[in-house]
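K.L.:
what would the 3D arrangement of this be:
(one chain, ligands or ions: 1)
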Amino acid sequence: MVHQSHPARLLIIGPQGSGKGTQGVRIAEAFDIPAISTGDVFRAAVAGGTELGLQVKSVIEAGELVSDELTSAVVRSRLDHADAQDGFLLDGYPRNLAQVRDLDEFLSGRGETLDAVIELRVPRDESISRLSLRAQQQGRTDDTEEVIANRLAIYERETAPILGVYRTRGIVDEIDGVGTLDEVTQRIVAALEARGLNRSAAA
Ligand code: AMP
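P.N.:
Numbering: from 1, shown residues only. Coordinates of the predicted model:
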């Protein structure tokens, strides 16, 4: 049987402490697509002192969101690279409904749609204990349970409407994020394969 290769266009969404960044990289490797994290792009720009970095430095340091206009422009230009023509995994974007619209507009201009949105689910108590442990290990005193709980509440408030939109399209895969790294990766791969998305032969 000849397998038609189907490029995977994916989003990964999950709270802090869910292992989202790590799983995103693993899934991108398995499907041979670039993992694009807007947080990483911005942090690299700041570290590299680029023009973009100078534009976003103070916003990021204040823990605020970069404007939708600038964020969507950065994502568009990244998706225009040759390596993202045959699929991609976005992490940290879209973060609100305006960004959902921007992404839709960009992809429809290319005649593309998203294949799947991976929602990594970790119970709140588990996220709090993972993040508290990490804070302890790193000697951070600012990451109290209260601060962490507040960040998780913001996450829920921000992502609920985004997931709502994608749910109506039937493309959200809810994945249990509790387990070993390998177990969680396996669950995600199985859900994507059930959608007819195939892992790269090379991976
Ligand atoms: P993160 O690593 O996803 O927490 O992102 C780090 C910082 O980058 C955030 O606090 C924001 O300032 C900025 N950022 C990342 N993604 C976005 C986005 N989609 N929209 C606006 N700002 C973003």
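K.L.:
which element, helix or strand, includes whatever residue of the chain ends up closest to the ligand?
P.N.:
Proximity of the chain to the ligand (C-beta to the nearest ligand atom) peaks at residue 39, 2.2 Å away. C-beta: built from backbone N, CA, C; applies to glycine. Assigned by DSSP states H and E, residue 39 belongs to helix 38-48.
K.L.:
does the ligand sit close to the next helix or strand after that helix?
P.N.:
Using DSSP H and E, the helix or strand that follows helix 38-48 in sequence is helix 51-61. Yes - with C-beta under 6 Å from any ligand atom as the criterion, the ligand is reached by helix 51-61 at 59, 60.
K.L.:
related to what we said a few turns ago, contacting residues around the residue of the chain closest to the ligand?
P.N.:
91, 92 (C-beta atoms under 8 Å, 6 or more residues apart in numbering).
K.L.:
could you number the chain from 2 rather than 1 from now on?
P.N.:
Sure thing, new numbering starts at 2, so read that last one as residue 40.
K.L.:
just the helices in this structure please.
P.N.:
Counting by DSSP state H, residue ranges of the helices within the chain are 21-32, 39-49, 52-62, 69-80, 98-110, 125-138, 146-169, 182-195.
K.L.:
residues from this protein in reach of the ligand?
P.N.:
Within the chain, the residues that sit near the ligand (C-beta under 6 Å from any ligand atom) are 39-40, 43, 60-61, 64-67, 72, 93-94, 96, 100.
K.L.:
any chance of those in JSON lines, plus pLDDT?
P.N.:
Output for the residues of the chain next to the ligand, formatted as JSON lines (pLDDT from 0 to 100):
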{"residue": "39", "pLDDT": "96"}
{"residue": "40", "pLDDT": "93"}
{"residue": "43", "pLDDT": "96"}
{"residue": "60", "pLDDT": "92"}
{"residue": "61", "pLDDT": "90"}
{"residue": "64", "pLDDT": "82"}
{"residue": "65", "pLDDT": "87"}
{"residue": "66", "pLDDT": "90"}
{"residue": "67", "pLDDT": "96"}
{"residue": "72", "pLDDT": "98"}
{"residue": "93", "pLDDT": "95"}
{"residue": "94", "pLDDT": "97"}
{"residue": "96", "pLDDT": "94"}
{"residue": "100", "pLDDT": "97"}
